[in-house]
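*Asks:* Generate coordinates for the sequence data below:
(one chain, ligands or ions: 1)
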Amino acid sequence: MAFTLPELPYAHDALEPHIDARTMQIHHGKHHNGYTNKLNAAIAGTEHEGKSIEELLATATDNPAIRNNGGGYYNHCLFWSVMSPTGGGAPTGDLATAIDSAFGSFDEFKAAFSKAAATRFGSGWAWLGVKEDNSLCVSSTPNQDNPLMAQADCKCTPILGIDVWEHAYYLNYQNRRGDYVANFFNVVNWEAVSKNYAAAVASSATV
Ligand code: MN
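*Replies:* Alright, predicted model coming up:
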């Protein structure tokens with residue numbers, strides 16, 4: 001079955017003023033839709049048709065079309081799901097404990113994540129992920145790569161990601177990537193990130 005573009009879980013203007021409606025319309029309706037269609041074209045009629053996106057990213061990214069468009073498909077699905085108009089604040093519960101353990105404090109985590117986002121040269125993403133030993137790590141990847149791919153420097157299951165391609169912020173922020181990253185924290189859906197954390201820990205327990 002072909003991959004489908006997910007509906008946004010909120011209106012295009014719901015994340016304003018932090019992320020503007022026009023950016024959301026183009027980013028979801030054009031960019032993410034493009035990755036979805038090109039991924040489907042790349043796998044149609046091949047041995048890869050019918051595989052999950054996670055399996056494709058883990059096993060088939062030696063194929064540049066799958067690497068670029070499969071990454072783009074997955075990364076944006078995660079991105080929309082970890083933002084909310086009622087987001088912001090700080091995580092609680094097990095995720096908060098894990099962040100304190102890995103980074104010292106939530107503020108130190110924010111600093112590390114923001115630095116990864118700011119220093120990714122050109123286009124790419126910054127991530128918070130769960131490693132195989134269930135510890136947390138911050139990393140960044142170029143282009144549409146992500147930490148599930150063999151090409152990643154830091155292999156982990158991403159639970160939070162920020163898109164730092166210029167298409168993600170340029171209409172509203174122009175060259176001010178740092179302001180975009182700072183305001184992203186006003187819309188992070190920590191409940192969703194906590195669920196991703198719990199799922200990543202649970203799946204590693206069954207391996
Ligand atoms: Mn994007």
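
*Asks:* which residue ranges form the strands in the chain?
*Replies:* Under the criterion DSSP state E, strands of the chain are mapped to 124-130, 136-142, 157-163.

*Asks:* Of all these, which one comes closest to the ion?
*Replies:* strand 157-163 (4.2 Å; Cβ to the ion). For glycine as for every other residue, the C-beta is placed from the backbone atoms N, C-alpha and C.

*Asks:* Could you list the contact residues of the protein toward the ion?
*Replies:* 163, 165 (Cβ under 5 Å from the ion).

*Asks:* Can you pull up the most central residue in the chain?
*Replies:* Nearest to the geometric centre of the chain sits residue 161, at 3.1 Å (Cα atoms, centre = their mean).

*Asks:* what stretches of this structure score poorly on pLDDT?
*Replies:* Along the chain, the model assigns pLDDT under 70 to residues 1, 206-207.

*Asks:* Recalculate using a threshold of 90.
*Replies:* 1, 203-207 (pLDDT under 90).

*Asks:* In it, what residue spans correspond to helices?
*Replies:* Ranges of helices within the chain are 21-26, 33-43, 53-59, 64-81, 93-103, 106-119, 170-173, 177-184, 190-205, based on DSSP state H.

*Asks:* ok, back up a step: show me the residues around the residue nearest to the centre of the chain that make contact.
*Replies:* Residues in contact with residue 161 (Cβ atoms under 8 Å, 6 or more residues apart in numbering) are 75, 78-79, 82, 125-128, 146.

*Asks:* With residue 182 instead?
*Replies:* Neighbours of residue 182 in contact, by Cβ under 8 Å, 6+ apart: residue 114.

*Asks:* and of the contacts of residue 161, the nearest to residue 98?
*Replies:* The shortest gap between residue 98 and any of the contacts of residue 161 belongs to residue 128, at 9.9 Å (Cβ to Cβ).

*Asks:* Give the burial count for the closest one, as a bare number.
*Replies:* By other Cβ atoms under 10 Å, the residues close to residue 128 number 29.

*Asks:* Can you spell out which residues form a bridge with it?
*Replies:* residue 138, residue 160 (DSSP bridges).

*Asks:* quick revisit: out of the strands of the chain, which gets nearest to residue 107?
*Replies:* strand 136-142 (13.4 Å).
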